[in-house]
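S.K.: quick one: sequence plus predicted model below, questions after.
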Amino acid sequence: MIQINSLTHTYPGSRKQAPRTALDNLSLSVREGEFAILSGPNGSGKSTLFRILCGLALPSSGAVCIGGIDLLTQPEKVRRILGVVFQNPAVDKHLSVIENLRIHADLYGIKGGDFSRHCDEALGWTDLADRLDQRVETLSGGLARQVELAKVLMTRPQVLLLDEPTTGLDPASRRNFLAALQKVQRDRGITVLMTSHVFSEAEDVDRVAIMRDGKLLAFDSPQALKAMIGTEMVVVQPMGDAEELAAILRAELGLAVRRHGDELRLEETENGEGLPMLESILERWRDRIKSISIKQPDLEDVFVHVTGRAVPEHAVHKELPR
Ligand SMILES: Nc1ncnc2c1ncn2[C@@H]1O[C@H](COP(=O)(O)OP(=O)(O)OP(=O)(O)O)[C@@H](O)[C@H]1O
């Protein structure tokens, strides 16, 4: 449904700055009805790709087809099947929910009975039904984001592009937003491509793409990505100075040890190797350890493994209990 072939984009340089290649011969294909997440460290080219897919920028070279239509030669045709949720709010916060939806419908020529039908349908996927006359500025951040989603869904897009739509939301609002999105995607068979830094969001999607330096490093299901990097890892919660214990473990065990929030994650191991490692660490450094366990690698571990970069600080957070 979204076919990206050998896409390259270089920002021109200036007297003070050399030209910068943001996308480097990138090819990626998202299937019809698929929910795909695009992730990557800062500066990996996600925003540049997003802007090209929305028709806001032209690539230096390469081809993009959306729904079988060539984006670069027929952008208006692509726009008819595309819905876009930008990171920055695109609704008028001084107007009510229904006024925002009506303005958007007017722009797309959706009137009369069609407006009621499309509007009811779009709202059906959100928690906004009893908030229609409320001004957007008085809604919670999570519900305000749902207005953006309802607005875009009113035009019944076949492909939905979202740029970090849950940035700034608390975990509960983020989960509600994603639940709404996943329901639409399943019920309507919409193809979804969403950029995200939050790896817990990517656990339930069909495929996750990981980019770095304008290149695609991996694109597979969360399960396949996790299976790729080993099967278990030892996680230590230090008693005192985490950096000090990390340095000791690195030096004494010769293993990669990564700080993640207030815990230390040790290099992934094959099945069965975790337990002897855990026992030996506990035996030697028990007085420095609050708790120690073995866990399966998650998508954050995959990200670090594949990109060789730390997970962005704002992606490391503690989930609230469901
Ligand atoms: N307008 C611009 N002019 C010059 N270079 C740019 C411009 N926009 C982006 N770049 C460069 O292109 C590369 C990719 O940037 P881009 O914003 O697409 O990455 P990103 O993955 O979206 O990063 P972030 O997660 O920080 O938003 C970076 O090296 C960036 O500095």
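M.R.: Noted; the coordinates are in hand. Since this is a predicted model, take the numbers as computed values, not measurements.

S.K.: tell me who's in contact with residue 157.
M.R.: By C-beta atoms under 8 Å, 6 or more residues apart in numbering, the residues touching residue 157 are 81-83, 190. In short, each C-beta sits where N, CA and C put it, glycine included.

S.K.: now render those residues as TSV, adding neighbour count, pLDDT and distance to the ligand.
M.R.: As requested, these are exported to TSV (neighbours: other C-beta atoms under 10 Å; pLDDT from 0 to 100; distance: C-beta to the nearest ligand atom, whole Å):
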residue	neighbour count	pLDDT	distance to the ligand
81	18	93	24
82	24	94	19
83	21	92	20
190	22	94	23
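
S.K.: tell me the pLDDT at residue 24?
M.R.: Reading off the per-residue confidence, residue 24 sits at a pLDDT of 95.

S.K.: low-confidence ranges, this structure, go.
M.R.: Scanning the chain for pLDDT under 70 picks out 309-322.

S.K.: hey, where'd the helices end up in it?
M.R.: Listed in chain order, the helices found in the chain under DSSP state H are 46-53, 75-79, 97-107, 112-123, 141-153, 171-188, 222-228, 242-253, 274-285, 299-307.

S.K.: so which bits of the first one are buried?
M.R.: If you call a residue buried by 16 or more other C-beta atoms under 10 Å, then helix 46-53 has these buried ones: 46-53.

S.K.: which outside residues touch it?
M.R.: With C-beta under 8 Å, 6+ apart as the test, helix 46-53 has contacts from 2, 4, 7, 9, 22-23, 26, 38-40, 57-59, 64, 66, 71, 161, 163, 193, 195, 211, 214.

S.K.: what subset of the residues you listed is buried?
M.R.: In terms of neighbour count (16+ other C-beta under 10 Å), the buried residues within the contacts of helix 46-53 are 2, 4, 7, 9, 22-23, 26, 38-40, 59, 64, 66, 71, 161, 163, 193, 195, 211, 214.

S.K.: tell me, which of the residues you listed make contact with the ligand?
M.R.: Residues shared between these and the neighbourhood of the ligand are 22, 40 [C-beta under 6 Å from any ligand atom].

S.K.: let's have the buried residues of helix 46-53 in TSV, adding distance to residue 207.
M.R.: Shown next, in TSV, are the buried residues of helix 46-53 (distance: C-beta to C-beta, whole Å):
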residue	distance to residue 207
46	15
47	20
48	20
49	15
50	17
51	22
52	20
53	16
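
S.K.: list, out of these, those positioned next to the ligand.
M.R.: Near the ligand, judged by C-beta under 6 Å from any ligand atom, the entries from the buried residues of helix 46-53 are 46-48.

S.K.: ok, the most centrally placed residue in the chain - contacts?
M.R.: With distances taken as C-alpha atoms, centre = their mean, the chain has residue 196 as the residue nearest its mean C-alpha position (2.0 Å). Residues in contact with residue 196 (C-beta under 8 Å, 6+ apart) are 37-39, 164, 166, 202.
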